[in-house]
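In: sequence and computational prediction follow.
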Amino acid sequence: MRLQSQPFEILMTMLERPGKVVSRDALVERLWPDGTFVDFEHSLNAAVRRLRAALGDDAGRPRFVETIPRRGYRFIAAFEPPPDAGAPARRPRVAVLPFTGGGDEAGTGAFGDGLTDEMFLQLGALSAIGVDVVARASSLAFKAGAGSARDIGATLRADYLVEGSVRRHGEHARIAAWLVETSGETQVWSDVYDRSLTDALVVQADVAARVIRALASHIPVRPMTGA
């Protein structure tokens, strides 16, 4: 799921006060200016649900957004303290390389391209909480096998590479994704997703969301702090 305007505003409001409770009234005031007539309770609940979906968060076991009953919400993601308290820590950088297509099935390459684009769209949510994403045009210049992970990382100044592949047989697809730490050329995570391609757009969005959730567990994020 993509991070839409209202969920993004909720996220940014919480990031201005990380670790502190943001009241529901404060969020309503930010999302709906005076003169707006909506069902605030229902609309705010729906916007928070969309934010959690975009982040791969779980209301029952939150990693990013904690609900404070009858009060509001709090951003709770942990972050690594900088090694030098007097200097700002550099945010980790991630580059998404094109998902490759295997086999002779027509449309495999186009599906992989769509999945790659969906990854960029959904990684935008992580960029708001402490992960920088290398620009799409720069990342897509590197196809699989174009160089070593260390060389590609050095060129793009990327700490991590997200790579993947798609294999199809009829309407069945096996999608693999993995995360590589560039300096040590070490694979730190991988997973495989078997899907039916009855609705390719839904599959792309679902798989991308699951990959983003995994990345959030394996890349140390450093949320922005308020002024």
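Out: Yep, it's here.
In: can you list the low-confidence ranges for this structure?
Out: 1-3, 34-37, 78-89, 102-106, 125, 127-129, 144-146, 221-227 (pLDDT under 70).
In: where along it do the helices fall?
Out: Using DSSP state H, the helices found in the chain span residues 5-15, 24-31, 40-55, 108-127, 136-139, 149-156, 200-218.
In: the second one packs against which elements?
Out: Read that as helix 24-31. Helix 24-31 sits against helix 5-15, helix 40-55, strand 72-75, with contacts defined as 3 or more C-beta pairs under 8 Å, 6 or more residues apart in numbering; DSSP states H and E. Every residue, glycine included, has its C-beta placed from N, CA and C.
In: identify the residue nearest the geometric centre of this structure.
Out: L123 (3.4 Å; C-alpha atoms, centre = their mean).
In: need the contact list for it.
Out: Contacts for L123 (C-beta atoms under 8 Å, 6 or more residues apart in numbering) come out as V94, V96, V131, V133, I212, L215.
In: against R63, how distant is it?
Out: Using C-beta to C-beta, to the nearest Å, one gets 17 Å for the distance from L123 to R63.
In: one more: F8?
Out: In terms of C-beta to C-beta, F8 sits 18 Å off from R63.
In: report the contact partners of F40.
Out: V28, W32.
In: which residues does the closest residue to I152 other than its chain neighbours contact?
Out: Closest residue in space to I152, ignoring its immediate chain neighbours: F142 at 5.2 Å, by C-beta to C-beta, 6 or more residues apart in numbering. The contact partners of F142, by C-beta under 8 Å, 6+ apart, come to A95, L97, I152, T155, L156.
In: nearest to S196, of those residues?
Out: L97 (25.6 Å; C-beta to C-beta).
In: number of residues surrounding the nearest residue to the closest one once chain neighbours are set aside?
Out: Closest residue to L97 apart from its sequence neighbours, by C-beta to C-beta, 6+ apart: E163 at 4.9 Å. Residue neighbour count, defined by other C-beta atoms under 10 Å, stands at 21 for E163.
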